[in-house]
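> Here is the input, now give the coordinates:
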Amino acid sequence: GEAVAPFARQVELLDTVPGIDLRTAQGLLAEFGADMSVFGTASRFASWAAVCPGNHESAGRKRSGRSRKGPKWLAIYLHDAAMGAIRTKNTYLAAQYSRLRPRLGHAKALVAIEHSILVSIFHMLTRDQAYHDLGGDYFLRRNDPARQARRLIGQLEALGYHVQAEPAPATP
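Residues are numbered from 1 along each chain as shown. Predicted coordinates for the structure are as follows:
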């Protein structure tokens with residue numbers, strides 16, 4: 001507690017992220033420090049932590065884009081934070097995981113959540129702001145409802161149905 005006392009504000013900021021508790025916040029801060037200016041950008045920070053998307057393509061062939069090994073204890077703390085974040089209800093990180101998991105699988109989706117957490121941490125510490133959650137319905141809200149309705153009607157018509165849709169009356 002005494003060693004982390006000068007960084008109480010940073011620990012308090014990290015504690016606002018879903019999945020990060022007090023002990024995890026202290027461990028994360030011990031691994032990468034409170035000064036984010038040494039990394040420059042969020043992508044460099046994620047690259048240093050070895051939690052960034054891999055890409056290895058040569059001559060039109062896609063090969064393993066596996067991320068390299070990063071700091072051991074940082075990986076452990078990030079894994080714990082990501083596992084906690086995907087279990088929270090109605091949060092952006094849980095919604096992002098539920099969107100990515102069917103396509104990528106559990107492990108890759110979890111690394112994507114770890115990356116999102118790291119990018120959030122970078123911006124929180126550089127701006128000295130608490131975590132702002134976009135909400136569990138972020139991916140539903142960001143889409144244009146009329147466009148989504150047209151897409152769904154098109155899918156039904158492709159299956160052989162004749163669909164005529166009209167907007168629901170507004171509820172008082």
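> average pLDDT across the helix or strand that contains Tyr77?
Assigned by DSSP states H and E, Tyr77 belongs to helix 72-86. What helix 72-86 shows for mean pLDDT is 94.
> With stretch 29-47 instead?
92.
> Now the residue at minimal distance from the centre of the chain: phi and psi?
The centre of the chain sits closest to Ser116, judged by Cα atoms, centre = their mean, with a distance of 3.1 Å. For Ser116, the backbone dihedrals are phi -60, psi -40 (criterion: degrees, to the nearest 10).
> roughly how far apart are it and Ala81?
Distance, Ser116 to Ala81, by Cβ to Cβ, to the nearest Å: 11 Å. Using the backbone N, CA and C atoms, a C-beta is placed for each residue, glycine as well.
> One more: Phe39?
To Ala81, Phe39 is 18 Å away according to Cβ to Cβ.
> which of those two has more neighbours?
Ala81 (26 against 19; other Cβ atoms under 10 Å).
> Quick check: end-to-end length of stretch 1-8?
Stretch 1-8 has its terminal residues 9 Å apart, counting by Cα to Cα, to the nearest Å.
> hang on, the earlier thing: my guess is the residue nearest to the centre of the chain meets Ala95, correct?
No: with contacts counted by Cβ atoms under 8 Å, Ser116 stays clear of Ala95, the gap being 11.0 Å.
> Give me the below-cutoff pLDDT ranges for this structure.
Within the chain, the segments meeting pLDDT under 70 span 65-66.
> how many neighbours does Arg61 have?
Number of residues near Arg61 (other Cβ under 10 Å) recorded here: 7.
> Could you check how far it is from Ile86?
Arg61 is 32 Å from Ile86, by Cβ to Cβ.
> same check, this time on Lys108
13 Å.
> Mind checking which of those two has more residues around it?
Ile86 (21 against 16).
> and the nearest residue to that one once chain neighbours are set aside, what does it touch?
Spatially, and ignoring its direct neighbours in sequence, Ile86 is nearest to Tyr97 (4.3 Å; Cβ to Cβ, 6 or more residues apart in numbering). Contact analysis of Tyr97 by Cβ atoms under 8 Å, 6 or more residues apart in numbering lists 85-86, 109-110, 112-113.
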